[in-house]
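[1] fold the following and give me the result.
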Amino acid sequence: MSSSRTFETVFPVRDYDLAATLDSGQVFRWRRKDASWTGVVGKHWVRLTSAQNAIRAQTHAPREQWDWLRAFLQTRVDLAAILETFPGDPPMRAAVAACRGLRLLRQEPWECLASFILSSTKQIVQIRQIIAQLCDRFGEPVAVPSGEPSAFAFPPAEKIAGLSESELRACKAGFRAPYLLATAVEVASGRFNLKALRTLSHERARAELMNLPGVGRKIADCVLLFACGFDSAFPVDVWVERALRRLYFSRRRVNHKKLRHFAATHFGPHAGYAQQYLFHYMRAKNGMAFHRGAEK
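    Numbers count the residues shown, from 1 in each chain. Have a look, this model is predicted:
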């Protein structure tokens, strides 16, 4: 269903870099078109456009309230207060100066978990392609304005649990297909409760996630950080480890265990936010060579 009509609202924001946020490797379904970004949040097609101290949001269906999108964008987070908790060392100051306005989004947990299972060993452009094929083939169509490409919601766990491994491999999921399928079965059956993770401690929530097929520590921490509100979660993959070594230990060698301890203790209560700044800073500095997919 499509027509030319859209419905819109404006979110007042301060110090919010929409482009950096949507293109920083935490989400994979947003596309830039002219001065705007289009994507799908839940079952809603959304167009976002930056304005002075505001984000203009448009959807194709009438909305009486916009809390679902406000929560996704995290527009009410006090970024200045978070940045104040970062260590004042030169690498962190440089990352903040280069990426100020970068935010963490609050994703739907299942979509976040499935997306990062599919991200393993892949670059961001490849992750986007896999997820796009999965949504195009098995996601529910969502209404879009006339002239916009078709859009689809992310397939729920129940849908993916009913697919075959070969159907997932046809979306270029490769060796990730059996992991995604088995995890979808756990979630769809109710044996694993994603919503309950927010009631646990960081360590316990991570351990629970790591019991799922194909979920290692990095994927678990990505889900906790990007979907569950654990700002202390600090995902460490090959690229983040290289960033830490290059920025903080260029003159001495440290083993992986000590590096993890440093990451867990140096960056404060919002360490995950700091990690995102360092990751995006090094990714931009190295011509976008860094990517989210490599697990450590």
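
[2] C-alpha only now, for contacts and for neighbours.
    Noted.

[3] for the protein, which segments are assigned as strands?
    Using DSSP state E, the strands of the chain run over residues 7-12, 31-33, 36-41, 44-51, 54-59, 141-142, 151-152.

[4] JSON lines please, covering these and showing mean pLDDT and mean neighbour count.
    Listed next are those as JSON lines, based on pLDDT from 0 to 100; neighbours: other C-alpha atoms under 10 Å:
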{"stretch": "strand 7-12", "mean pLDDT": "94", "mean neighbour count": "15"}
{"stretch": "strand 31-33", "mean pLDDT": "93", "mean neighbour count": "13"}
{"stretch": "strand 36-41", "mean pLDDT": "97", "mean neighbour count": "18"}
{"stretch": "strand 44-51", "mean pLDDT": "96", "mean neighbour count": "20"}
{"stretch": "strand 54-59", "mean pLDDT": "96", "mean neighbour count": "20"}
{"stretch": "strand 141-142", "mean pLDDT": "96", "mean neighbour count": "18"}
{"stretch": "strand 151-152", "mean pLDDT": "96", "mean neighbour count": "22"}
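
[5] Ala182 is nearest to which of those strands?
    strand 151-152 (22.8 Å; C-alpha to C-alpha).

[6] follow-up on the earlier one: what's the closest of the strands of the chain to Ser201?
    Closest approach to Ser201 among the strands of the chain is made by strand 36-41 (27.3 Å; C-alpha to C-alpha).

[7] before we move on, the earlier item: now the strands of the chain in CSV, with distance to Ala184?
    Below are the strands of the chain laid out as CSV (distance: least, C-alpha to C-alpha, whole Å):
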stretch, distance to Ala184
strand 7-12, 34
strand 31-33, 26
strand 36-41, 20
strand 44-51, 22
strand 54-59, 29
strand 141-142, 20
strand 151-152, 19
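
[8] no further questions, thank you.
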